[in-house]
Every structure is written in C-alpha cells, then in structure tokens.
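1. Okay, structure incoming, though there's no sequence with it:
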Ligand code: CMP
C-alpha cells in the first residue's frame, strides 16, 4: 500500500470555478500536496493518458472533453492514499456518488465528473510520472 495518489481537476470543474473549493476540500481532508500544476492536455496527450479506455465507445468524447481546457494535476500524500481519495471523490457517475463526495457536490455528468483519482498504487505512479518530473515534486 502506497501513501501517494494522483489527481486531476477536470475541465468542467475548472470552467465552473470549482478548482479552489476542490483543492481546499482535498487539503482539509488531510491530503498533502507533493506536486501541483495547471496545464492543458493536447488531444494526443489525453489519448495517451486514457489509452486503457481506447476501445470504449466514449473514448473520442473523453479525449475531446479532457483536452478542451485547462486542468490542474497533482500528486497527493496521505496514508492509504488511493482508496482514501476514491472515497473522497465518490462514484464515477455523480448520480451514484455518496452525499458530500466531491463528485456529488461538483460534477455534472458521468463524463464531466469534475475530478480524477488513480484506481491503484501502480497507476498512481504511472499517472504521476506522466505529468511530473523529478524536479516538480517534493
Ligand atoms: P475517470 O474514472 O477519472 O477516468 C475515466 C473517465 O472516462 C471517467 O472518469 C469519466 O470522465 C469518463 N467516463 C467513464 N464512463 C463514461 C461513460 N459511460 N460515458 C462517458 N464518459 C465516461
């Protein structure tokens, strides 16, 4: 069990002005920021990040959505980070997300669901390395 996970605040939440409130919630829940950047994915980079979903019917839309505007990417540290952060963000579809979770509060739809959280320690490392080099993290 690793103590780090990776997150992105997605374009919908950025456009809706929720980035500050989401970061505030994350840090108040005890996650420490160990890397943070504002950036925008090209369609090519979004496709690479979500390559695992490339056979899914929603892949094209997902790539267009994730590359349409700025995002905030971050690496977070807390005990049992991956599972604890997934509890905090709630189910992929905000309609199914528990009360008080970030997606329940801030997400629009199953696609425009405000925030990403890694689903395993292995993917947390891969995803963090996708965005941050050695000098961009503490
Ligand atoms: P996330 O779990 O962070 O990573 C995969 C993303 O694909 C997911 O968030 C949603 O943004 C998107 N996604 C998942 N399922 C669907 C779906 N059925 N239709 C559209 N987008 C989806």
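-> It's in. Being a predicted model, the structure only gives us computed values, none of them experimental.

2. Let me see the ranges of the helices in the chain.
-> With DSSP state H, the ranges of helices along the chain come out as 11-15, 19-28, 43-49, 59-66, 81-89, 102-106, 121-131.

3. Just name the most buried of the ones you listed.
-> helix 102-106 (a mean of 21; mean count of other CB atoms under 10 Å). All C-beta spots, glycine's among them, are computed from the backbone N, C-alpha and C.

4. Give the other helices and strands that that helix contacts.
-> helix 19-28, helix 81-89, strand 115-117 (3 or more CB pairs under 8 Å, 6 or more residues apart in numbering; DSSP states H and E).

5. want to throw those into CSV with distance to residue 95 and mean pLDDT?
-> Below are those laid out as CSV (distance: least, CB to CB, whole Å; pLDDT from 0 to 100):
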stretch, distance to residue 95, mean pLDDT
helix 19-28, 19, 98
helix 81-89, 14, 98
strand 115-117, 16, 98
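
6. Turn those into CSV, columns for distance to the ligand.
-> Formatted as CSV, those follow (distance: least, CB to the nearest ligand atom, whole Å):
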stretch, distance to the ligand
helix 19-28, 14
helix 81-89, 9
strand 115-117, 4
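
7. Please convert these to JSON lines, extending it with distance to residue 73.
-> What follows is the helices and strands packed on helix 102-106, written out as JSON lines (distance: least, CB to CB, whole Å):
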{"stretch": "helix 19-28", "distance to residue 73": "12"}
{"stretch": "helix 81-89", "distance to residue 73": "14"}
{"stretch": "strand 115-117", "distance to residue 73": "9"}
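
8. Show me what from this protein comes close to the ligand.
-> Within the chain, the positions adjacent to the ligand are 53, 58, 62, 92, 110, 111, 113, 116 by CB under 6 Å from any ligand atom.

9. From these, list the buried ones, please.
-> 62, 92, 111, 113, 116 (16 or more other CB atoms under 10 Å).
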